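Visitor: attaching a predicted model along with its sequence, questions to come.
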Amino acid sequence: MSAQTAAPGLAPTVVRLKLSLLRNGLRQSGGRRAAYVASAVCALLFAALQLIGLIALRGHAHAESLVVLLVAVLGLGWAVMPLFFPSGDETLDPTRLVMLPLRPRPLVWALLAASLVGIGPLFTVVMLIGSVIAVAHGGAAFAVGVVGGVLALLVCVALARAVAAANIRLLSSRKGRDLAVLSGLVIAVGAQVVNFGAQRLGSSGLGQLDPVADVLRWLPPASAIGAVDSVSEGSYGVAAVQLLISAGALVLLVRMWSRSLTRLMISPDGSTLQAAEPAARDRRGAAGLTRLLPGGRSGTVMERSLRYVWRDPKTKAAWVTSLAIGLIVPVFNALQGTGSIYFACFAAGMLGIQMYNQFGQDTSAFWMVALTISSPRDAYVELRARALALLVITLPYATLVTVLTTALLGDWAKLPEALGLSLALLGAMLTTGAWTSARFPYSIPQEGYKNVAPGQTGLAWISIFGGMVSAALLCAPVIALTIWLHVSEGGEAWTWLLLPGGAAYGAGITLLGLRLAAPRTAARLPEILAAVSKG
């Protein structure tokens, strides 16, 4: 039977294939079944609550603005999810079907039908139903709502498929796995943005959404729901144009998807050749940057640590998360008018955590590091170089966050003391990080999302939280001096001394902490190697 003859029955076959993949995946383990059921229940419960809220919003003066924004966010979510969760749907990878005698166009419609099966499409359908109910008034509006809802759903699904097909080479590479690891960061940042937006709306009302909604109602898939509101207001011509915009976007996305499928099915896999060129560029760039590093063991260790930050997915995810959260907390609080200049110290604290469990990122390869340490002096140089590599990123970033927070608050008089406290806290974190790296090392699994090997969770908690409490205690002299200068008469005129004082104090306790941790590190090399090799 030819591919042309088999095409009409291709869609049911692919749908059954997806259901089989889902069923067989759930049979692999009880934990996977439990996770799937729990996620399905949570998603459907959230969708039901949103549906109730949208129905309650019916008749509100600004309901259409909120609904249009909601559908636009749904479309954005469908577009970016394949980049961060490429393994969530195995049918997203069309290269698995390359060897089959299938034409791109029938395959596109078959995969589009298969995309409508799952928790995500069901969640989207519920949200679209609630959106239509919120803005539809009259029989004609509900009729257009059916058409608009179907169009919006198909645009969302086609958008996800087109993005996945266009980036499938990336998603199957190491950079793609890095994106998957960073998905938690995107969720965390998105949650902060949503929280900030919700607080602003709660204080100012939904009317603030009107200017944004006026633009989004002409962009698919939000334009399909915007057409429902236009019919409710009697603007039938505007509604027709909005529906045509969504329909045109659907056709365009399907064509782009079809072209990507055709290119994938007829072109050889050159991903390894394409990856070689950036690697060569990275080597040339690294060779230039290494000239700025000190010579000897210190420069070698610093280069290795910085390579971990750039190339190792787990280390990169930890750094990017710390950089983002260290900026979000003080800046968002300052934007909301509830911030304090001292919130800028949060950046130094988040980045200082990266000093903890320094040997865990080496995993079993720590044996090569251990062979080069024969005395406390070698251990001191190793720890000092790792701290210097961390400071290369941390010092300018903590300074930038402090200055930005100060600018948003307009409290420039407190900049020296805030920066001095940040530097003192950073020094305290480096001190306790060096000590806990030697005393409480633990392994970081290379595969999966876990950052602690089984059985070592207690070590991780002791290392991080015990170190953070100890760092706060080490900063007590600088904190006490800050308080004394503020409460004493005429003391505020001398708060600028906290900048050089905090920097000197941070540098001093860092050097002291490294010297105290070095002998313990040199004496516990076998224990450290055993602890970090379990992942």
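Guide: Sure, I can see it. Numbering: from 1, shown residues only.

Visitor: quick one, grab the pLDDT at Glu90.
Guide: The score at Glu90 is 54. That number is its pLDDT.

Visitor: ugh, wrong one, Ala460
Guide: Predicted confidence (pLDDT) for Ala460: 78.

Visitor: now do Arg217
Guide: At Arg217, pLDDT is 88.

Visitor: count the neighbours of the residue lying closest to it once chain neighbours are set aside for me.
Guide: Leaving aside its sequence neighbours, Arg217 sits nearest to Gly226 (CB to CB, 6 or more residues apart in numbering; 3.4 Å). Every residue, glycine included, has its C-beta placed from N, CA and C. For Gly226, the neighbour count with other CB atoms under 10 Å is 32.

Visitor: quick one: contacts for Gly226?
Guide: Taking CB atoms under 8 Å, 6 or more residues apart in numbering, we find Gly226 in contact with 64, 68, 216-218, 242.

Visitor: measure it to Phe465 for me?
Guide: Distance, Gly226 to Phe465, using CB to CB, to the nearest Å: 49 Å.

Visitor: same deal with Leu323?
Guide: Leu323 is 21 Å from Phe465, by CB to CB.

Visitor: of the two, who's got more company?
Guide: With neighbours defined as other CB under 10 Å, Leu323 and Phe465 compare such that Leu323 has more, 19 against 10.

Visitor: helix or strand: which one has the more buried one?
Guide: If you go by DSSP states H and E, Leu323 is part of helix 313-335.

Visitor: put the alpha carbons of that helix into CSV.
Guide: Extracted in CSV, the C-alpha atoms of helix 313-335 (Å, rounded to 0.1, in the frame of the first residue of the first chain):
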residue,chain,number,x,y,z
PRO,A,313,24.3,21.9,32.8
LYS,A,314,23.8,21.5,36.6
THR,A,315,26.4,24.1,37.4
LYS,A,316,25.0,26.5,34.8
ALA,A,317,21.5,26.1,36.0
ALA,A,318,22.5,26.8,39.6
TRP,A,319,24.4,29.9,38.5
VAL,A,320,21.7,31.3,36.3
THR,A,321,19.0,30.7,38.9
SER,A,322,21.1,32.5,41.6
LEU,A,323,21.8,35.4,39.2
ALA,A,324,18.1,35.8,38.3
ILE,A,325,16.7,35.4,41.8
GLY,A,326,19.4,37.6,43.2
LEU,A,327,18.2,40.4,40.9
ILE,A,328,14.5,39.7,41.0
VAL,A,329,14.0,39.9,44.7
PRO,A,330,15.5,43.4,45.4
VAL,A,331,14.4,44.9,42.0
PHE,A,332,10.8,43.7,42.1
ASN,A,333,10.4,44.8,45.8
ALA,A,334,11.8,48.2,44.8
LEU,A,335,9.4,48.5,41.9
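
Visitor: in it, which residues are buried?
Guide: 313-334 (16 or more other CB atoms under 10 Å).

Visitor: before we move on, what about stretch 463-474?
Guide: 463-464, 466-468, 470-471, 474.

Visitor: which element is Gln242 on?
Guide: Residue-wise, Gln242 maps onto helix 236-266 under DSSP H and E.

Visitor: residue boundaries of the strands in the stretch 351-500 of the chain?
Guide: With DSSP state E, counting those that start in this stretch as the criterion, the stretch 351-500 of the chain has no strands.

Visitor: quick one: low-confidence residue ranges for it.
Guide: 447-450, 455 (pLDDT under 70).

Visitor: Ser305 is in contact with Leu390, isn't it?
Guide: Yes: counting by CB atoms under 8 Å, Leu390 is a contact partner of Ser305 at 7.3 Å.

Visitor: who's more crowded, these two?
Guide: Neighbour tally, Ser305 and Leu390, criterion other CB under 10 Å: the higher count belongs to Leu390, 24 against 21.

Visitor: next SSE downstream of the helix or strand harbouring Pro12?
Guide: Here Pro12, judged by DSSP H and E, is contained in helix 10-26. Note on helix 10-26: by DSSP H and E, the next helix or strand toward the C-terminus is helix 30-56.

Visitor: what helices and strands are in contact with that following helix?
Guide: In terms of contacts (3 or more CB pairs under 8 Å, 6 or more residues apart in numbering; DSSP states H and E), helix 30-56 is packed against helix 10-26, helix 119-135.
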